[in-house]
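K.L.:
Sequence plus predicted model, see below.
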There are 2 protein chains.
Amino acid sequence: MDDDLIPSVFARDCASRDVLANVTGRWGGLALAALHEGSYRFNALRRRVDGVSEKMLAQTLQALERDGLVRREVQATIPPRVEYSLTDFGARAAAKLVELIELVESEVPAAQAARAAYDRSH
Amino acid sequence: MDDDLIPSVFARDCASRDVLANVTGRWGGLALAALHEGSYRFNALRRRVDGVSEKMLAQTLQALERDGLVRREVQATIPPRVEYSLTDFGARAAAKLVELIELVESEVPAAQAARAAYDRSH
């Protein structure tokens, strides 16, 4: 926190840095973006977030649930059905993140051209 | 890339995932957010991004420059002055990122309350 107690990610020990790291982490960001499409069961979410291991996805979802971004609901069916969805905070964060992702996706050709030019001159 | 060649961060090998990782990485995100405030010289940027080492900031800026997000300009002064600023793509990505950061900062009290509740029940 800053001296004036307004959270700032620029301050080394501010809790907002941890939350931001969970929101924008390698798997956290993709999990939030997937859940922005709708709720998912664990295995379906794992298929959507191509490349994530079961263990990493479980840890990622736990961290997001702990920060109040993701809701985990166990339905009383046989076998029990566990569904993940976004909280209100999660939905707002995911919406911002998806805008950023869409921008990055649309700029991939430009980024690749920039990389090629950089690699030629360095 | 997807089969239809539209970049998607959900695809394991899509280049968009690498670019997103640089944009939202631990130090990349903070460097972009700082440069959203204006151009910086290296040492001033290092002070703004509290906690980053010289080596990590140099690597971070190189990756962002390579992806076409950051511009590095050497001015012909004595001693030479090196300034970092955002490209057009960098400025648009940083604007989205800053919106996400401001949301996260504003929700820190709620996230901390969610963490306390989670830790009590797990």
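P.N.:
That came in fine, so what should we check first? Numbering: from 1, shown residues only, chains lettered A, B, ... in the order given.
K.L.:
gap between the two ends of stretch A:38-49?
P.N.:
14 Å (Cα to Cα, to the nearest Å).
K.L.:
Any part of that stretch near chain B?
P.N.:
Yes. Using Cβ under 8 Å from any Cβ of the partner chain, stretch A:38-49 reaches chain B at A:Arg48, A:Val49. For the C-beta atoms, the positions are set from N, CA and C on the backbone; glycine is no exception.
K.L.:
contacts for that stretch?
P.N.:
Residues from elsewhere that reach stretch A:38-49, judged by Cβ atoms under 8 Å, 6 or more residues apart in numbering or on different chains: A:27, A:30-31, A:34-35, A:37, A:52, A:54, A:57-58, A:61, A:81-85, B:10.
K.L.:
In chain A, where is pLDDT below threshold?
P.N.:
Along chain A, segments meeting pLDDT under 70 span A:1-4.
K.L.:
Next secondary structure after the helix or strand containing A:Glu102?
P.N.:
Using DSSP states H and E, the element containing A:Glu102 is helix A:88-106. Once the chain leaves helix A:88-106, the next helix or strand it forms, by DSSP H and E, is helix A:108-121.
K.L.:
Let's see which of the contacts of stretch A:38-49 end up in strands.
P.N.:
Those of the contacts of stretch A:38-49 mapping onto strands are A:Arg81, A:Val82, A:Glu83, A:Tyr84, A:Ser85, per DSSP state E.
K.L.:
so the last one bridges to which residues?
P.N.:
Each beta-bridge partner of A:Ser85 is listed here: A:Arg71, as defined by DSSP bridges.
K.L.:
check contacts around the spatially most central residue of chain A.
P.N.:
Nearest residue to the geometric centre of chain A (Cα atoms, centre = their mean): A:Gly29, 2.0 Å. Contacts for A:Gly29 (Cβ under 8 Å, 6+ apart) come out as A:Val23, A:Leu97, A:Ile101, B:Leu20, B:Thr24.
K.L.:
re the thing from before, from the chain's centre, how far out does the helix holding A:Glu102 sit?
P.N.:
Distance, stretch centre to chain centre, for helix A:88-106: 9 Å (Cα atoms, centre = their mean, to the nearest Å).
K.L.:
Kindly provide the distance from A:Leu45 to B:His122.
P.N.:
20 Å (Cβ to Cβ, to the nearest Å).
K.L.:
Of these two, which one has the most company?
P.N.:
Taking other Cβ atoms under 10 Å in any protein chain shown, A:Leu45 and B:His122 do not tie; A:Leu45 has more neighbours (20 against 8).
K.L.:
So what does that one have for phi and psi?
P.N.:
A:Leu45 adopts backbone torsions of phi -70, psi -40, taken as degrees, to the nearest 10.
K.L.:
Relative to B:Leu57, how far out is it?
P.N.:
For A:Leu45 relative to B:Leu57 (Cβ to Cβ), the value is 34 Å.
K.L.:
Over to A:Arg17?
P.N.:
From A:Arg17 to B:Leu57 the distance is 16 Å (Cβ to Cβ).
K.L.:
Who has more neighbours out of those two?
P.N.:
Per other Cβ under 10 Å, whichever of A:Arg17 and B:Leu57 has more neighbours is A:Arg17, with 24 against 19.
K.L.:
picking that back up, drop anything exposed from the ones in strands among the contacts of stretch A:38-49.
P.N.:
By neighbour count, with 16 or more other Cβ atoms under 10 Å in any protein chain shown, these hold A:Tyr84 as buried.
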